[in-house]
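**Q** Build me a model:
(2 chains)
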Amino acid sequence: MRFERPALYSLVSGVLVFIFVLPLGAVFEQAFSGGWFSFVQAVTSPIALRAFELTVGLALLTAILNTAMGLLTAVVLERRRPPFSIALDAVIDLPLSIPTAVSGLMLVLLYGPASPVGRWLSQHGVTVVYTRLGILFALLFVTVPYAVRTMQPAIQALDIRQEEAAWILGASGKRVWLRVILPVLRHALGSAFLLTFTRAMIEFGSVVMVSGNKPMHTEMAAVYIYGLLENYDQRGASAASVVLMMFCAIAFVIEARILALLGRARAVACTKAEGETRYV
Amino acid sequence: MSRIWRISGSAITYLWLLAFVGIPFVAVLTGALAGGWRPFWQCVTSQEALFALRMTGEITGVTLLVNLTLGVPMAFWIARKTVPGWRMVQWIVELPLAVSPVVAGLALIVVYGPNALLGRLLETVHIKVAFAFPGMVLATVFLTLPFIVHETVPAIRAIGNTQEQAAYVLGASPWRTLWRVWLPQLKWSLLYGLALTTARSFGEFGAVLVVSGSIVMVTETATLFVYQASVNSELQAAYAVSATLALASFFLIVAMQFLKRVGGRSLRGH
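**A** Numbers count the residues shown, from 1 in each chain, chains lettered A, B, ... in the order given. Prediction:
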């Protein structure tokens, strides 16, 4: 229409090329500038492999824990309306707006040896700061909002009549959850899982503060890339970046397939609902 | 039995959020004020900290302007689907969600760095991008552009274009249509998008760290100051600036909650 003028569109796409397309393309170019062999060599060094392994493992653990807790939180928020639910809602958004470096520092401060909590934990043989447990805590903190906010609309959209029907037919609480509620939520659970997973994989600020960055032990992929850059190894950093982006791309492709399936399921549900109204 | 389950469900939620979100937040505030107000105030008003905080403010301001001017046309482009290329734009906007901040910074350095082709070209006309202010803005825009687009696309689709056509038939110019028809209807989505952009851009760390080189008093933002101070074990300064940032984000959260409640109906699924 009136705003859809060629000049505006070419201007916007020109800017996009200079901000997104050229730089990311250059990373790929840089990664393969020494040929395939040196690319493979760069990303299969023991330190790199260990960093990727640690990243994927911790991100998976984070995604599992936070998807489960996201489901619980969303159910509590939407169905129970507990006391202080406004405060709860605000707390969930907090990690979105706190700088990630600050959230890392918070964890160091809280669980470090200087605080009573950290001292109590270390007396019981648990050290959080500069260990993998600390990284897990940081990732859990950072991904809370993504899990909850993905689950919330799905729970709002649940048809409570189905649950009521199940109750009336004598199903137990556990059975209602397993056979009625969770099957409807499976797509939302899938996207929450993948979103938290990708977020956890690319996280940098909080991890760099809390992990201590010991190679082979607590060094995550993003921190490893930063380390390479500090040593002026742009090619190695680019190669590792390409691998990290590939992981995320795979996760996104899987999520897109889930969304496509969800779309189909919704279309079926809609036609069914239309059929019902026609009967009525 | 089910009553116990319900109560324990709520209790677990509260405990989880308290342990991982609430208590750390309170800890940084109390940690910063542990030595009283005076050292806190001294740290925040030291020359370096003030410079870093101002730098963060400037970057956030410029990023907001850039994102508004870029994001709104892109949102219309994606929402309308009439001009070819909208799918590509949508893909590009999704990209930052899958790209680590460090990788974003690296990508900009590879193109605009002093040894790169574009960087050298711009150097000949005396524009320095990497390790300077423009690069830091570029990095922040890279990571925050999705927010405005994400918020406004569903709103534009929901509003449709009948009112715009009516305005056009009545003889309004495109600018007038934008100001009188679109902006009043999009204001809540835009404001929420801007709030998210602000939150992310003053908290941006990884990309800015890589692009800026974190030069003290030249390209040091508040989050970089926190990082440098904690690396140098100047913990009091790190905590003080952290607490300032945390407080700012707390107020931002309050503003976002307010936006959600006031403009709730026109905001999608929040």
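
**Q** residues touching residue A:112, list them.
**A** When contacts are counted by Cβ atoms under 8 Å, 6 or more residues apart in numbering or on different chains, residue A:112 touches A:118, A:129. For every residue, glycine as well, the C-beta is placed using N, CA and C.

**Q** For it, give its distance to residue B:162.
**A** Residue A:112 is 59 Å from residue B:162, where distance means Cβ to Cβ, to the nearest Å.

**Q** Ok, residue A:252 next?
**A** When distance is defined by Cβ to Cβ, residue A:252 is 35 Å away from residue B:162.

**Q** Which residue of those two possesses the greater neighbour count?
**A** residue A:252 (17 against 8; other Cβ atoms under 10 Å in any protein chain shown).

**Q** what helix or strand does that one sit in?
**A** Assessed by DSSP states H and E, residue A:252 sits inside helix A:234-279.

**Q** likewise residue B:30?
**A** Take DSSP H and E as the rule and residue B:30 turns out to sit in helix B:23-32.

**Q** That helix and chain A, are they touching?
**A** Yes - against chain A, helix B:23-32 shows contacts by Cβ under 8 Å from any Cβ of the partner chain at B:23, B:24, B:25, B:27, B:28, B:31.

**Q** Phi, psi for residue A:33 please.
**A** phi -70, psi -20 (degrees, to the nearest 10).

**Q** show me the contacts for the closest residue to it other than its chain neighbours.
**A** With Cβ to Cβ, 6 or more residues apart in numbering or on different chains as the criterion, residue A:33 has its nearest non-adjacent residue at 6.2 Å, and that residue is residue A:235. For residue A:235, the contacting residues are A:30, A:31, A:33, A:34, A:38, A:42, by Cβ under 8 Å, 6+ apart.

**Q** Kindly report the same for residue B:230.
**A** A:105, A:108, A:209, B:238.

**Q** Tell me how far it lies from residue A:225.
**A** Relative to residue A:225, residue B:230 is positioned 20 Å away (criterion: Cβ to Cβ).

**Q** same deal with residue A:207?
**A** Going from residue A:207 to residue A:225 by Cβ to Cβ gives 12 Å.

**Q** pLDDT score for residue 40?
**A** In the absence of a named chain, chain A is used. Residue A:40 carries a pLDDT value of 91.

**Q** That was the other one, I meant chain B.
**A** Per-residue pLDDT puts residue B:40 at 87.

**Q** for the helix or strand encompassing it, packing partners?
**A** Using DSSP H and E, residue B:40 sits within helix B:37-44. The helices and strands touching helix B:37-44, judged by 3 or more Cβ pairs under 8 Å, 6 or more residues apart in numbering or on different chains; DSSP states H and E, are helix B:47-80, helix B:235-262.

**Q** List the buried residues of it.
**A** Judged by neighbour count using 16 or more other Cβ atoms under 10 Å in any protein chain shown, the buried positions of helix B:37-44 are B:39, B:40, B:43, B:44.

**Q** so can I have TSV of those showing distance to residue A:125?
**A** As requested, these are exported to TSV (distance: Cβ to Cβ, whole Å):
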residue	distance to residue A:125
B:39	34
B:40	34
B:43	35
B:44	38
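
**Q** ok, residue B:111 to residue B:165 distance?
**A** With Cβ to Cβ as the criterion, residue B:111 and residue B:165 are 42 Å apart.

**Q** and those two? which has more neighbours close in?
**A** Neighbour totals were compared for residue B:111 and residue B:165, and residue B:111 leads with 23 against 14 (other Cβ under 10 Å).
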